[in-house]
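> What follows is a predicted protein model with its sequence.
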Amino acid sequence: MIIVAVSAALTTVSCEQWIETDFPSNQLPTELVFENEQTAEAALAGLYANLWNNSLISGGSDGMGLLLGLYTDDTASVSAPGSNSIVDLYYNQQISSNLIVSNVWTNAYQHIYAANSIIEGVRNSKTLSQSARNRITGEALFIRSLLYFYLQQIYGDIPYTDTTDYQINSKLSKLSADDLLSRIDADLEQAVNLLPSAYRNAERIYVNKNVANLLWAKLKMLRKQWTEAENLLKLVLQSSDYTFQNDISKSFRKQVRTSSQLKPKNSGDATKEATLYNFSGIPTTYMLNVDLVLAFR
């Protein structure tokens, strides 16, 4: 009996050792990512990169510019009807199974989850400096607020979450517009207090305090809080970081002192808008609606 018991114990140990695996050598556990400023910055940079890849503000075929332009007839589709789900938006035939609508929703909440993961990681870090904590948290809060702001404008009542806890997220319900905008308001106030005034990159690919002030002012106007919006915009106008560009031919160039911009995937790449709207021959996908063009004559 003793021999059997020892044999069984050895078998249990062997099985446990067999199923245990080391963490991949090219990856870090989440709890370690935010114990080092460089890897924490990399996590935040990944979130910015994903906004360029596929988000409401990407400027591409999955961005608001094109999708809402088609939906409101500012942009016309010259693709054959039924050839893709974007065309359904143009013909106002979108349904719940429309892939474009589904992707907009899914991608936005994936980015929100990533922002929440960064905020939680920074909160639980034991080694990050206070300045790094403030800036990284402020930037993640801004991105989350920006996504919620546009999702609410498109879908109306939507769920709000500020956690990665799957048990909480699995039971989310929609918030009314007033409740959601109130939460975004509080998040943006926190972001403004945490973000530095100076840009941390000459290309302005990361947000700062005044970029958050601009979105906060837009939210205040949406809530008809006109005095608060005016005060925030005055702060932005008083900054020496911005000047009015009177030459429209220079307005959309990289060197323009814009408030903020997304960095393309590859150095030297144009914006996605340039790919969508700048063509040398007859358009084969999208074009400005003729009625919109004539309205400016």
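Structure received. Numbering: from 1, shown residues only.
> so Gly284 makes contact with Leu276?
For residue 284 the amino acid is Thr, not Gly. No. Judged on CB atoms under 8 Å, Thr284 makes no contact with Leu276 at a distance of 11.6 Å. Using the backbone N, CA and C atoms, a C-beta is placed for each residue, glycine as well.
> Name the spans of the protein whose pLDDT lies under the cut-off.
1-31, 81-84, 254-256 (pLDDT under 70).
> Not counting sequence-adjacent ones, nearest residue to Tyr242?
Arg257 (6.1 Å; CB to CB, 6 or more residues apart in numbering).
> gap between the one you found and Leu235?
Applying CB to CB, to the nearest Å, the value for Arg257 to Leu235 is 17 Å.
> If you count surrounding residues, which of those two has more?
Comparing Arg257 with Leu235 by other CB atoms under 10 Å, the one with more neighbours is Leu235, at 16 against 12.
> Tell me the first helix or strand C-terminal of the stretch of helix or strand that one belongs to.
Counting by DSSP states H and E, the element that carries Leu235 is helix 226-237. Sequence order places helix 272-277 as the next helix or strand after helix 226-237, per DSSP H and E.
> Just after that next one, pick out the following helix or strand.
strand 286-288.
> What lies in contact with that following strand?
Leu66, Gly69, Leu70, Asp74, Thr75, Ala76, Ser77, Val78, Ser79, Leu276, Tyr277 (CB atoms under 8 Å, 6 or more residues apart in numbering).
> Now, of the residues you listed, which are buried?
Leu66, Gly69, Leu70, Thr75, Ala76, Ser77, Leu276, Tyr277 (16 or more other CB atoms under 10 Å).
> Look at the fifth one and tell me its secondary structure.
Taken by DSSP: H, G, I helix; E, B strand; the rest coil, the conformation at Ala76 corresponds to strand.
> Bridge partners for it, pull those for me.
Met287 (DSSP bridges).
> thinking it is in contact with Asp291, fair?
No. Between Ala76 and Asp291 there is no contact under CB under 8 Å: 9.1 Å.
> Now tabulate the buried ones among the contacts of strand 286-288 in a markdown table and tack on distance to Arg123.
What follows is the buried ones among the contacts of strand 286-288, written out as a markdown table (distance: CB to CB, whole Å):
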| residue | distance to Arg123 |
| --- | --- |
| Leu66 | 37 |
| Gly69 | 39 |
| Leu70 | 40 |
| Thr75 | 42 |
| Ala76 | 47 |
| Ser77 | 45 |
| Leu276 | 39 |
| Tyr277 | 41 |
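> Excluding chain neighbours, what is closest to Ile95?
According to CB to CB, 6+ apart, the nearest residue to Ile95 is Asp88 (7.5 Å).
> can you give me phi and psi for that neighbour?
Per-residue torsions, Asp88: phi -60, psi -30 (degrees, to the nearest 10).
> before we move on, the earlier item: in the contacts of strand 286-288, find the pair that's most separated.
Asp74 and Ser79 (16.5 Å; CB to CB).
> State the distance from His111 to Gly121.
15 Å.
> same thing with Leu56?
24 Å.
> Arg257 too?
Arg257 is 32 Å from Gly121, by CB to CB.
> in this structure, which spans are helices?
Applying DSSP state H to the chain gives helices spanning 2-19, 30-33, 37-53, 64-71, 85-90, 99-124, 130-155, 166-169, 177-194, 209-222, 226-237, 272-277, 290-294.
> Same list (these) but as a markdown table, adding distance to Asp247.
As requested, those are arranged in a markdown table below (distance: least, CB to CB, whole Å):
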| stretch | distance to Asp247 |
| --- | --- |
| helix 2-19 | 66 |
| helix 30-33 | 44 |
| helix 37-53 | 26 |
| helix 64-71 | 22 |
| helix 85-90 | 33 |
| helix 99-124 | 34 |
| helix 130-155 | 28 |
| helix 166-169 | 48 |
| helix 177-194 | 31 |
| helix 209-222 | 22 |
| helix 226-237 | 20 |
| helix 272-277 | 18 |
| helix 290-294 | 22 |
